[in-house]
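Participant: Compute the structure for the input listed below.
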Amino acid sequence: MEYVSAASVPQPRATRADDATAAPGGRRSLAAALFLGAVGAAVVLLASGRPWAEGTVAVGGGTVSLDAEGGDITGVPTALAIVGLAALVAVFAVRRAGRFLVSLLLTLSGAGAVAAAFLGASDSAALDEKAAGTTGDAAARVEALTHTAWPYVTAAGALLILLAGLLALRYGSGWPAMSGRYERDGSPRARGARPVADPDRPEDLWKALDRGEDPTGGA
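Facilitator: As a prediction, this is how the structure comes out:
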């Protein structure tokens, strides 16, 4: 009796202690990924609609001010931010290899948006096109070209999406899945809803025996 209590009791307690310490870390990484991904996508979508470049073009005896929004220069950050949001939601709908692939897509979306924002920060083609349309001269070029800080704000938002993807790659395997939760909620109820045979009805007893069940409903 002495060696049984010494050998069997500590092991379940250690397992429960490990689970208790692992769960908060998983919840923190999940919350961080959701926050970073959502905020990053919102920043990218907002900043892409702001002026990235400004300049003037000579028209007649004066000048006309022109500006180009991020969407006029490149639509890549906006598109990738939307893809990133979809991937962030899809992480919870898939498991195992599917979750890894979706997490990788989230990471690549953030990285691609960062690169596109930096490349668009020095672009002048969009303003040149506006200058040509304003003057009616295909050879017209924008003058006094300046760039705003919005491309770099876009890149910062895309970096948050990238960080969310890295968190999903590192910790996503331990996050809950929507499909798994629904299966756990639904399946046990279906298996547990077994009708108990009525002992006063012989046909119910025979049906229960045919199914391999205890007709009395006992364990």
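
Participant: State the three-state secondary structure for Asp123.
Facilitator: Put simply, Asp123 is coil when judged by DSSP: H, G, I helix; E, B strand; the rest coil.

Participant: What is the neighbour count of Trp175?
Facilitator: Neighbour count of Trp175, defined by other C-beta atoms under 10 Å: 19. Every C-beta, even on glycine, is put in place using the N, C-alpha and C of the backbone.

Participant: and the gap between the residue nearest to it when sequence neighbours are not counted and Ser65?
Facilitator: Nearest non-adjacent residue to Trp175, counting by C-beta to C-beta, 6 or more residues apart in numbering: Leu30, 5.2 Å away. To Ser65, Leu30 is 47 Å away according to C-beta to C-beta, to the nearest Å.

Participant: now swap in Ala126 and tell me
Facilitator: Distance of Ala126 to Ser65, given as C-beta to C-beta: 15 Å.

Participant: what does Tyr171 give?
Facilitator: 49 Å.

Participant: what about the strands in the chain?
Facilitator: 51-59, 62-69, 143-147 (DSSP state E).

Participant: still on that earlier bit, so what pLDDT did the residue nearest to Trp175 get?
Facilitator: The pLDDT attached to Leu30 in the predicted structure is 86.

Participant: So which of the strands of the chain is the most surrounded?
Facilitator: Of all those, strand 51-59 has the most neighbours on average by mean count of other C-beta atoms under 10 Å, namely a mean of 20.

Participant: Restrict that one to CA atoms and write it as CSV.
Facilitator: The C-alpha coordinates for strand 51-59 follow below in CSV (Å, rounded to 0.1, in the frame of the first residue of the first chain):
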residue,chain,number,x,y,z
PRO,A,51,-1.5,60.9,-50.4
TRP,A,52,1.9,59.3,-50.9
ALA,A,53,3.4,61.8,-53.4
GLU,A,54,2.8,65.5,-54.2
GLY,A,55,4.0,67.8,-56.9
THR,A,56,3.1,70.5,-59.4
VAL,A,57,2.7,70.7,-63.2
ALA,A,58,3.0,73.8,-65.4
VAL,A,59,-0.3,74.6,-67.2
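
Participant: before we move on, the earlier item: neighbours of the residue nearest to Trp175, how many?
Facilitator: 19.

Participant: Just the helices from this structure, written as ranges.
Facilitator: Using DSSP state H, the helices assigned to the chain run over residues 2-8, 10-47, 70-73, 76-90, 96-120, 125-135, 150-171, 178-192, 202-210.
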